[in-house]
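> Just the structure for this:
(one chain, ligands or ions: 1)
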Amino acid sequence: MIGADQLPRVLHGATGRPLTLAQHDEVFGPLGHAPSLDELRDSGLTGHGGAGFATWRKAQLIGDQRGHTKFVVVNAMEGEPAAHKDRTLIGANPHLVLDGAEYLAGVVGASRIAVCVSRDNPGTINHLQHAIHERERRTRRATSLELHTPPWRYVAGEESALVHWLDDNESLPQYRPRRPHVLRIGHAPALVDNAETCAHVGLIARFGASWFRSLGTETSPGSALVSISGAVSRPCVLEVAFATPLRTILARAGADRDPWAVLLGGYGGAWLDARHLDTPYDNDALAPLGSSVGAGVIIVLPKSGCGVVETQRITRWMANESARQCGPCAFGLPALADDLARLTSNGRDAAAARARLVDRCSAIEGRGACRHPDGVVRLVRSALEVFAEHIEDHVRGRYCAASHSSHHVAAVPSLEREAELVWE
Ligand code: SF4
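Alright, predicted model coming up:
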């Protein structure tokens with residue numbers, strides 16, 4: 001048993017190699033609880049993929065569907081370039097993720113589990129293949145475990161895109177009402193949960209809801225994996241208790257002690273001024289600052305960097321990742337990236353570009369089929385606020401060394417690679 005206030009939890013027993021099924025049994029012990037929606041609800045677990053939706057509510061919605069084969073879909077696509085948490089987790093404890101998926105299948109009455117990993121992540125694919133074979137060898141299973149490898153794109157991991165691809169279509173987000181909404185593969189209702197969410201379920205299945213709640217807060221119970229990069233001496237994935245002060249988390253990664261800002265939540269997240277680094281890492285504390293935990297990504301921007309340049313690079317990349325189905329996304333995101341570039345080039349058009357950015361954000365927000373453009377709008381708005389003084393310097397034509405540097409903190413896959421990718 002893992003002690004109630006002990007960390008790590010989902011990375012418990014990590015050795016640098018994935019635990020075999022026998023090692024996993026030894027480290028974590030047997031599954032103690034029969035699948036129970038009540039246990040999930042009492043745990044207060046929310047999704048760790050980005051949206052933070054209550055796990056039990058999604059499960060209840062699918063459990064209430066009658067008369068069909070059902071799926072549990074494990075989303076390990078991890079489309080955020082700065083995110084490494086799901087592959088780190090699967091590289092350590094793949095069976096914990098599968099335990100959680102099987103528990104969820106029991107809760108909703110699913111007979112099929114589809115585990116989805118991007119096809120250009122061969123290491124994670126190998127780990128999962130091996131883990132699935134181990135489980136198949138051990139018992140004849142009532143629930144089938146299938147590994148799927150969709151193509152990698154940022155939006156391919158969006159849950160409606162994933163389900164659409166599993167239904168033999170392109171990996172494009174689908175038009176649908178706001179949540180909650182039943183996703184289907186063919187006619188089969190599908191519960192989609194992030195890989196880390198499943199691992200936490202695997203622990204709740206053993207140790208129960210009250211154990212789970214012994215870390216974190218009432219509304220953000222438990223722990224979370226965080227991918228930390230940028231101005232840090234040890235880029236890493238850490239498991240932290242919710243409500244840990246951001247400054248404490250950053251110290252563990254050897255972060256610059258006097259940074260300018262941090263990007264929280266991923267490329268659809270928001271910049272947070274370093275004045276707020278004593279804020280607890282949980283959504284309730286971060287929301288008044290316009291920020292959130294999101295996809296569990298923290299990027300540290302040093303004072304020698306330029307938040308406008310970083311935002312421009314990310315926005316350009318996110319514009320290229322648009323599925324180009326919706327006008328505000330297909331045309332609006334490149335226009336945002338163009339205006340950010342005009343700002344950083346200190347040209348005569350910089351002041352007009354700043355004004356246009358505000359208007360464009362309002363015109364784009366809420367008008368895509370998925371939340372991809374809303375994430376970019378959130379990022380750009382936060383940059384306009386957090387870097388307002390520095391933007392004024394750009395508008396006045398003051399020299400910014402960082403905008404002429406090739407050193408950046410936000411990892412952006414190359415545009416050459418973008419050109420090679422096709423939708424399928
Ligand atoms: S909002 Fe953008 S990414 Fe989402 S479906 Fe529309 S075009 Fe595709």
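
> residue contacts, whatever residue of the chain ends up closest to the ligand?
For the chain and the ligand, the shortest gap (CB to the nearest ligand atom) falls at Gly368, measuring 2.5 Å. All C-beta atoms are positioned from the backbone trio N, CA, C, and that covers glycine. With contacts taken as CB atoms under 8 Å, 6 or more residues apart in numbering, Gly368 has the following neighbours: Cys326, Pro328, Cys329, Asp374.

> Stretch 310-322 and the ligand in contact?
Yes - figure legend: stretch 310-322 in contact with the ligand (CB under 6 Å from any ligand atom); contacting residues Ser322.

> residues in contact with the residue lying closest to His372 once chain neighbours are set aside?
Counting by CB to CB, 6 or more residues apart in numbering, Val155 is the residue found nearest to His372 once chain neighbours are left out, at 5.5 Å. Contacts were defined as CB under 8 Å, 6+ apart; by that measure Val155 touches Gly79, Ala161, Ser171, Leu172, Pro173, Glu321, Ser322, Ala323, Cys370, His372.

> Gly47 now?
When the contact criterion is CB under 8 Å, 6+ apart, the partners of Gly47 are Phe53, Ala54, Thr55, Lys58, Asp193, Asn194, Thr197.

> Look at the first one and say how many residues are nearby.
The number of residues packed near Phe53 is 15, by other CB atoms under 10 Å.

> if I look at the closest residue to it other than its chain neighbours, how far off is Ser214?
Leaving out its chain neighbours, the residue that sits closest to Phe53 by CB to CB, 6+ apart is Gly47, at 5.1 Å. Gly47 sits at a distance of 20 Å from Ser214 (criterion: CB to CB, to the nearest Å).

> Check Leu277 too.
For Leu277, the distance to Ser214 equals 26 Å [CB to CB].

> related to what we said a few turns ago, surely the residue of the chain closest to the ligand is in a strand?
No - secondary structure assignment places Gly368 outside any strand; it is coil (DSSP: H, G, I helix; E, B strand; the rest coil).

> Test my guess that Ser229 contacts Ala411.
Yes - the criterion here is CB atoms under 8 Å, and Ser229 meets it with Ala411 at 6.8 Å.

> which of the contacts of Gly368 has the most neighbours?
The most crowded member of those is Cys329, carrying 26 neighbours; neighbours defined as other CB under 10 Å.

> picking up where we left off before, for the contacts of Gly47, work out which two are farthest apart.
Pairwise distances among these were taken by CB to CB; the largest, 13.3 Å, belongs to Ala54 and Asn194.

> Which one's more surrounded, the two?
Here Ala54 and Asn194 are set side by side on neighbour count (other CB under 10 Å), and the busier one is Asn194, at 27 against 16.

> Helix or strand: which one has the closest residue to the more buried one other than its chain neighbours?
In this structure, Asn194 finds its nearest non-sequential neighbour in Gly49, 3.2 Å apart by CB to CB, 6+ apart. Using DSSP states H and E, Gly49 sits within no helix or strand.

> If you drop the residues flanking it in sequence, what lies closest to the residue most central in space within the chain?
The residue at the geometric middle of the chain, judged as the C-alpha nearest the mean C-alpha position with CA atoms, centre = their mean, is Ala295 (2.6 Å). For Ala295, the nearest residue in space outside its immediate sequence neighbours is Gly266; the separation is 3.8 Å by CB to CB, 6+ apart.

> Can you report how many residues neighbour the one you found?
When neighbours are defined as other CB under 10 Å, Gly266 has 26 of them.

> show me what contacts the closest residue to Gly32 other than its chain neighbours?
In space, and not counting its chain neighbours, Gly32 is closest to Arg206: 5.0 Å by CB to CB, 6+ apart. When the contact criterion is CB under 8 Å, 6+ apart, the partners of Arg206 are Met1, Phe28, Gly29, Pro30, Leu31, Gly32, His33.

> Check for me that the fifth one belongs to a strand.
Right, the one you point to is Leu31. No - using three-state DSSP, the secondary structure at Leu31 is coil, not a strand.
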